[in-house]
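Asker: have a look at this fold, sequence not included:
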């Protein structure tokens, strides 16, 4: 029932980070349950949450280092206190942050330290539930954890790493996994805790008759585990930099258009795999939410030292029929998803 748009429904769009919370950012703890109770009292049956992934450039969830991972900043500290992994004293600095807005510059190092403390006290998770989690998320989790540990260790974009790591040479990756084993385990721990808390929150939403509307941006960030681990699926040069990038053409918001910087897909390479990466991405999200919003429309601009190429691409784009372009993209995507029962997807421009 949750993945059906079979009746008129209403709800609220609110990213969890905007919830009131005592530790510098809205999280998946008690105030999220309070919000569900509010929705139920107001007879609302949808909660649209926007992307739940880690934030990247500009603290934006639309520039995430992973299309699959959850955002550790949304982990609620109180359940970790209840499990004996944290004390109230550990949360003192977080509790001193602003209660009415998120200051990411202050929040990031403090929340990271709190999660590190919980990890060090609890150690590497074990048990059947953790083993099942790792097996279920194997297609992305190990690459993401290694990528995150390497980002901790190396400054800059992954294209600036030593060539062995940039090009994913097996010997370099094996050495990094050994050297950075503890940091890799920390990032896996954070993902395990995030998904544990999220699934509990989603279950409580269902108990109140509320479905979760998730969000899947069409494009992914260049500086991400997805692009680094699947370089052949994107339009990149020999050093991993984008050849062309996503954006929007000139319009009434911007006379020169916007160059977002997201690399475009190599659709022939995607097709050769049966669009496996995309199918896994949708399946993963549909395990976490009930309905999916697909956002960001397609346009590309070729990267150059000036804006001439981007402007030419924008002019060409304007000459094309928008309606035909949208119809083609919508029909293609819906056809790809038609094989997967229970997939409730709506496309927005």
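Answerer: Received, thanks. Values in this document were obtained by computation on a predicted structure and should not be read as measured data.
Asker: count of neighbours near residue 156?
Answerer: Using other CB atoms under 10 Å, residue 156 has 9 neighbouring residues. The way it works is simple: take the backbone N, C-alpha and C, and place the C-beta from them, glycine included.
Asker: ah, wrong one, I meant residue 167
Answerer: A count of nearby residues for residue 167, using other CB under 10 Å, gives 15.
Asker: now do the contacts for it.
Answerer: Shown in contact with residue 167 (CB atoms under 8 Å, 6 or more residues apart in numbering): residue 240.
Asker: residues in contact with the most centrally placed residue in the chain?
Answerer: Centroid-nearest residue in the chain: residue 53, 2.8 Å away (criterion: CA atoms, centre = their mean). Shown in contact with residue 53 (CB under 8 Å, 6+ apart): 61, 64-71.
Asker: most neighbours among the residues you listed, which one is it?
Answerer: Counting neighbours by other CB under 10 Å, residue 69 comes out on top of the contacts of residue 53 with 26 neighbours.
Asker: let me know the pLDDT of the residue nearest to the centre of the chain.
Answerer: If you check residue 53, the pLDDT there is 95.
Asker: and it, helix, strand or coil?
Answerer: Assigned with DSSP: H, G, I helix; E, B strand; the rest coil, residue 53 falls in the coil class.
Asker: likewise for residue 89?
Answerer: Classified using three-state DSSP, residue 89 is helix.
Asker: how many neighbours does it have?
Answerer: Burial of residue 89 is recorded as 7 neighbouring residues (other CB under 10 Å).
Asker: now do it against residue 112, distance only.
Answerer: 17 Å (CB to CB, to the nearest Å).
Asker: please apply the same query to residue 199.
Answerer: Using CB to CB, one gets 23 Å for the distance from residue 199 to residue 112.
Asker: quick one: buried residues of the helix ranked longest in the chain?
Answerer: Secondary structure of the chain per DSSP state H: the longest helix is helix 181-207. Residues of helix 181-207 classed as buried: 183-198, 201-202, 205 (neighbour count, 16 or more other CB atoms under 10 Å).
Asker: got the angle between the helix or strand following that helix and helix 181-207?
Answerer: Downstream of helix 181-207, the next assigned helix or strand under DSSP states H and E is strand 211-217. Relative orientation of strand 211-217 and helix 181-207, computed by axes from the mean of the first three to the mean of the last three CA atoms, to 10 degrees: 140 degrees.
Asker: now strand 211-217: mean pLDDT?
Answerer: So the average pLDDT for strand 211-217 ends up being 94.
Asker: which other residues reach the helix or strand harbouring residue 111?
Answerer: Residue 111 is part of helix 104-122, with elements assigned from DSSP H and E. Residues from elsewhere that reach helix 104-122, judged by CB under 8 Å, 6+ apart: 23-25, 55, 59, 72-73, 75, 77, 80, 83-86, 90-91, 93-94, 97, 185-186, 189-190, 193.
Asker: 6 Å - rerun?
Answerer: 24-25, 59, 72-73, 80, 85-86, 90, 93-94, 186, 189-190 (CB atoms under 6 Å, 6 or more residues apart in numbering).
Asker: how far off helix 181-207 does it point, in degrees?
Answerer: Orientation of helix 104-122 against helix 181-207 (the same axes, to 10 degrees) gives an angle of 100 degrees.
Asker: which SSE is immediately downstream of helix 104-122?
Answerer: As assigned by DSSP H and E, the chain's next helix or strand after helix 104-122 is helix 128-136.
Asker: for the following helix or strand past that following helix, enumerate the helices and strands it packs against.
Answerer: Using DSSP H and E, the helix or strand that directly follows helix 128-136 along the chain is helix 141-153. Under the contact criterion of 3 or more CB pairs under 6 Å, 6 or more residues apart in numbering; DSSP states H and E, helix 141-153 touches helix 181-207, helix 225-229.
Asker: what residues does helix 141-153 touch?
Answerer: Contacts of helix 141-153 (CB under 6 Å, 6+ apart): 66, 69, 180, 183-184, 187-188, 225, 228-229.
Asker: any idea which of those residues is closest to residue 239?
Answerer: Taking CB to CB as the measure, residue 228 is the one of those closest to residue 239, at 12.4 Å.
Asker: how many other residues sit next to the closest one?
Answerer: For residue 228, the count of nearby residues is 26 (other CB under 10 Å).
Asker: same deal with residue 269?
Answerer: By other CB under 10 Å, the residues close to residue 269 number 15.
Asker: again with residue 250
Answerer: 16.
Asker: please, which helix or strand holds it?
Answerer: Taking DSSP H and E as the definition, residue 250 sits outside all helices and strands.
Asker: wait, doesn't it sit right on residue 258?
Answerer: No - between residue 250 and residue 258 there is no contact under CB atoms under 6 Å: 9.0 Å.
Asker: where does residue 165 land in three-state SS?
Answerer: Going by three-state DSSP: residue 165 is helix.
Asker: residues contacting it?
Answerer: Counting by CB under 6 Å, 6+ apart, residue 165 touches residue 172.
Asker: how far away is it from residue 66?
Answerer: Counting by CB to CB - residue 165 and residue 66 are separated by 17 Å.
Asker: please apply the same query to residue 74.
Answerer: The value you get for residue 74 to residue 66, if CB to CB is used, is 14 Å.
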